[in-house]
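Q: here's my sequence, what's the structure:
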Amino acid sequence: MPRLKVLPHATICPHGAEIEARTGETICDTLLAHGVEIEHACEKSCACTTCHVIVREGYESLAPPEEREEDLLDKAWGLEATSRLSCQARVADADLVIEIPKYTINYEREGGARR
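A: Down below sits the predicted model:
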């Protein structure tokens, strides 16, 4: 079973975590199931960037992001070449090391985007 290592994050996961992950499950669902309360303002529907993570190890094991995810990632704070939306990235057979960025952009909570 692959392992998911979460690097320490000041508020979400101060001590970091090592989690057993199930192949085929999203990174977001894995984190939430193990008490790592990553934001997911759009309820995991690939409509925001609040669940943005940076995959520090194991990125190449993930299926490539689809165009919609790539378009959203362009709006994410702290975007890097190995950034993914955790609600879209599914764990494969390899271990992963992820970093949750210090900041996230949540237009709904911050009163930014209005229709």
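Q: and the longest strand anywhere in the chain, how far from the chain's centre?
A: Determined from DSSP state E, the single longest strand within the chain is strand 52-57. Between the centre of strand 52-57 and the centre of its chain there are 7 Å (C-alpha atoms, centre = their mean, to the nearest Å).
Q: which residues touch that strand?
A: Residues outside strand 52-57 that contact it (C-beta atoms under 8 Å, 6 or more residues apart in numbering): 5, 7, 27, 38, 62, 73, 76-80, 82-86, 89, 95-101, 104. (C-beta placed from N, C-alpha, C; glycine too.)
Q: quick one, which of these are buried?
A: The neighbour count (16 or more other C-beta atoms under 10 Å) marks 5, 27, 38, 62, 73, 76, 82-86, 89, 95-101, 104 as buried among the contacts of strand 52-57.
Q: among the residues you listed, which are in strands?
A: Using DSSP E, these in strands are Lys5, Ser83, Arg84, Leu85, Leu96, Val97, Ile98, Glu99.
Q: residues in contact with the third one?
A: Put plainly, it is Arg84. Going by C-beta under 8 Å, 6+ apart, Arg84 touches Ile27, His52, Val53, Ile54, Val55, Tyr59, Leu62, Pro65, Glu69, Leu73.
Q: from the residues you listed, which is closest to Ser45?
A: Closest approach to Ser45 among those (C-beta to C-beta): Glu69, at 11.4 Å.
Q: how about the nearest residue to that closest one, chain neighbours excluded?
A: Gln88 (4.8 Å; C-beta to C-beta, 6 or more residues apart in numbering).
Q: okay, now that neighbour: neighbour count?
A: Burial of Gln88 is recorded as 22 neighbouring residues (other C-beta atoms under 10 Å).
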